[in-house]
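Chemist: Okay, sequence plus prediction incoming.
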Amino acid sequence: MSSLHRRLRSLPRGLLPLYAGTIATRLGTFVVPYLTLYLSQDRGLSLSVTGRIIAAGGVGLLLGNLAGGWLADRVGRKTALLFALVINAAGMVLLGSGLPSATAYALALALASVGGGMYTPAANAWIADLTEGAGRQLAYTVNYICINVGMGLGPLLGGMLAAASFHWLFIGDVATTAVCAAFIASASGRTRRVRSGHDAPAPSMKLSPTTLAVLAFCSASFFIIAPLMGLEYAVPLFVGTVLHEPLVLVGLVYTVNATCILLLGLPLERAVAGRDPLLMMALAGVLWAMGLSVLAVGLSASALLLCTFLWTLGEMLGSVVVPTFVANRVDEDVRGRFLAVPDAMRSLAAIVAPIALGLVWERQGFGTVLAVLIATPLIGSALYGVAWAIRGRSAR
C-alpha cells in the first residue's frame, strides 16, 4: 500500500458524508459561470447593473459567512449545514423565476448567497473537529479536491443546459442541493458536543497576539482570492464579447482548473507540508500574476486555458494553507467564527470585483481589467513577503 493511500485511509470516516455532499452541491454550480450572461442577455440588463446584482450576491455571501460561523459554533456543524442548504435552494428558485426588476434579482441572489456563504465555515469547522496535526491539512486538501471535482464537471453540463434554456440551470442547482442535504443528514451524530448553560465557557475572542496574527493573515488573503472573483465575472464576458467563442469554452476553463486540482492537489499538499505559511502565500500571489500575464499577452482561447493552469497553482496554495493556518491556532469553541474570516474575505472580493471591473470594462476596456487583475495578487504577495521578513528580523 502506497504512502498516499495509507494517509487517505487514515482520514476519519466521519468526513465521508461531507465530502460526498460537497461533490454533489458543487456539481450544481451551473448558475455562477453563466450568471453574467443570464442577466445581461436573457434578462436584458446592462453590464453595470449586472455587476451590481452580482455584488449583491457577494454581500449575501459575506453575511452568510458570518452567520454560518456563528451558527456552527452555537448549534453544531450538521444543523448549520442543513440550514444553509435550505436557504440556498430557496434563493435559487426565486432567481430562476421571472422577477420584475433588477432589485428583485439582486435580493434573490443575495438570499441564495447567504446559504452558500453559511456552508463553507461550517464545513471547515467540521473538518477541523475531526482532524489534528498533519492529517488536518490533508483533510482540507481532499475537501478542496471534492469541491473542484464538482465544479469541473458542473460548468460543462451547465453549458449544455444553458444552450437549451437558462432556466434549466436553476433546476439543476436545486436538485444537486437536495442530494447534498441528503448526504449531510445521513451523517451520524455531531462533529462536536454543543455546550450550553453553565457548561458553556465564554468563547475566547480576545485580541491576543495570536488572534491578531490570524486576523491579519486572513485579511491579506483578500488580495490572493480577489482575482478568482474577478475572473468569475470577466471570463464569460471575455469569451462571449472579446473572443466570440462558444460558451462551452467557459466550461472548459473550469474543467482545466478542476483537472489541475485533481491531479496536483495531493502532491502539492505533500510538497508544502511543514513549510512557512507566509512564504507559501507569497508564492501563491506570484503564480496568480504569472498566469494572468499569459492571458494579457496572448488574448486567445489557448492563452486562457494555459493561464488557468498557472493561476490554479496559486489558488490551490491559498485554499489549503489558509484554513489549516486558522484551524491550528484557534480554540474549538470559536473555530467556526474564525474560519469564517477567510470566507468573508472571499465574499468581500465577490462584492468589490464585479462592481470595480464592470466600471473599468465600460470605461477603459478589457486590457485595463487584466492589468488590475495582475496587480492585485502582487499586492498580496508583497504583504506576505514583508510579514515574513519582519518576523524573521524580530526573531533574530
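Modeler: Received it, and whenever you're ready, just let me know what you need.

Chemist: same question for stretch 258-268, mean pLDDT?
Modeler: Here stretch 258-268 scores 83 as its mean pLDDT.

Chemist: How far does that stretch sit from its chain's centre?
Modeler: Its chain's C-alpha centre and that of stretch 258-268 lie 16 Å apart, by Cα atoms, centre = their mean, to the nearest Å.

Chemist: where in the stretch 101-250 of the chain is pLDDT low?
Modeler: 152, 155-156, 158-160, 162-165, 188-207, 247 (pLDDT under 70).

Chemist: Where do the helices of it begin and end?
Modeler: With DSSP state H, counting those that start in this stretch as the criterion, the stretch 101-250 of the chain has helices at 102-130, 134-164, 167-186, 209-220, 222-237, 248-272.

Chemist: Which secondary structure elements does the third one sit against?
Modeler: When you say that, I think you mean helix 167-186. Other helices and strands packing on helix 167-186, by 3 or more Cβ pairs under 8 Å, 6 or more residues apart in numbering; DSSP states H and E, are helix 16-27, helix 77-95, helix 134-164. Every residue, glycine included, has its C-beta placed from N, CA and C.

Chemist: what's the angle between it and helix 16-27?
Modeler: Here the directions of helix 167-186 and helix 16-27 differ by 170 degrees (axes from the mean of the first three to the mean of the last three Cα atoms, to 10 degrees).

Chemist: Redo the helices and strands packed on helix 167-186 as a markdown table? Include distance to residue 240 and mean neighbour count.
Modeler: Below are the helices and strands packed on helix 167-186 laid out as a markdown table (distance: least, Cβ to Cβ, whole Å; neighbours: other Cβ atoms under 10 Å):
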| stretch | distance to residue 240 | mean neighbour count |
| --- | --- | --- |
| helix 16-27 | 24 | 22 |
| helix 77-95 | 20 | 22 |
| helix 134-164 | 11 | 21 |
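
Chemist: Redo those helices as CSV? Include distance to residue 351.
Modeler: Below are those laid out as CSV (distance: least, Cβ to Cβ, whole Å):
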stretch, distance to residue 351
helix 16-27, 22
helix 77-95, 17
helix 134-164, 21
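
Chemist: Dump the helices of the stretch 101-250 of the chain into JSON lines; add distance to residue 386 as well.
Modeler: Below are those laid out as JSON lines (distance: least, Cβ to Cβ, whole Å):
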{"stretch": "helix 102-130", "distance to residue 386": "27"}
{"stretch": "helix 134-164", "distance to residue 386": "25"}
{"stretch": "helix 167-186", "distance to residue 386": "40"}
{"stretch": "helix 209-220", "distance to residue 386": "10"}
{"stretch": "helix 222-237", "distance to residue 386": "13"}
{"stretch": "helix 248-272", "distance to residue 386": "20"}
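
Chemist: ok, the most centrally placed residue in the chain to residue 20 distance?
Modeler: Centroid check for the chain by Cα atoms, centre = their mean gives residue 346 as the closest residue, at 6.7 Å. The gap separating residue 346 from residue 20 is 23 Å, by Cβ to Cβ, to the nearest Å.

Chemist: Now do the contacts for residue 298.
Modeler: 304, 306, 307 (Cβ atoms under 8 Å, 6 or more residues apart in numbering).

Chemist: ugh, wrong one, residue 86
Modeler: Contact partners of residue 86, counting by Cβ under 8 Å, 6+ apart, are 115, 181.

Chemist: 7 Å - rerun?
Modeler: For residue 86, the contact set (Cβ atoms under 7 Å, 6 or more residues apart in numbering) is empty.

Chemist: What pLDDT is listed against it?
Modeler: We have a pLDDT of 93 for residue 86.

Chemist: Quick check: closest non-adjacent residue to the residue nearest to the centre of the chain.
Modeler: Closest residue to residue 346 apart from its sequence neighbours, by Cβ to Cβ, 6 or more residues apart in numbering: residue 225 at 4.9 Å.

Chemist: could you measure the one you found against residue 179, distance?
Modeler: Residue 225 is 27 Å from residue 179, by Cβ to Cβ.

Chemist: Compare the two and say which is more crowded by neighbours.
Modeler: The neighbour comparison of residue 225 against residue 179 (other Cβ atoms under 10 Å) goes to residue 225, with 28 against 17.

Chemist: just checking, that one touches residue 344?
Modeler: No - between residue 225 and residue 344 there is no contact under Cβ atoms under 7 Å: 10.7 Å.

Chemist: follow-up on the earlier one: which one of the helices of the stretch 101-250 of the chain lies closest to residue 295?
Modeler: Of all the helices of the stretch 101-250 of the chain, it is helix 222-237 that lies closest to residue 295, at 9.4 Å by Cβ to Cβ.

Chemist: what about the closest residue to residue 141 other than its chain neighbours, neighbour count?
Modeler: If the residues on either side of it in the chain are set aside, residue 141 comes closest to residue 269, at 4.0 Å by Cβ to Cβ, 6+ apart. By other Cβ under 10 Å, the residues close to residue 269 number 25.

Chemist: what's near enough to touch residue 269?
Modeler: By Cβ under 7 Å, 6+ apart, residue 269 lies in contact with 137, 138, 141, 320.

Chemist: cool, and residue 58?
Modeler: 347, 350, 351.
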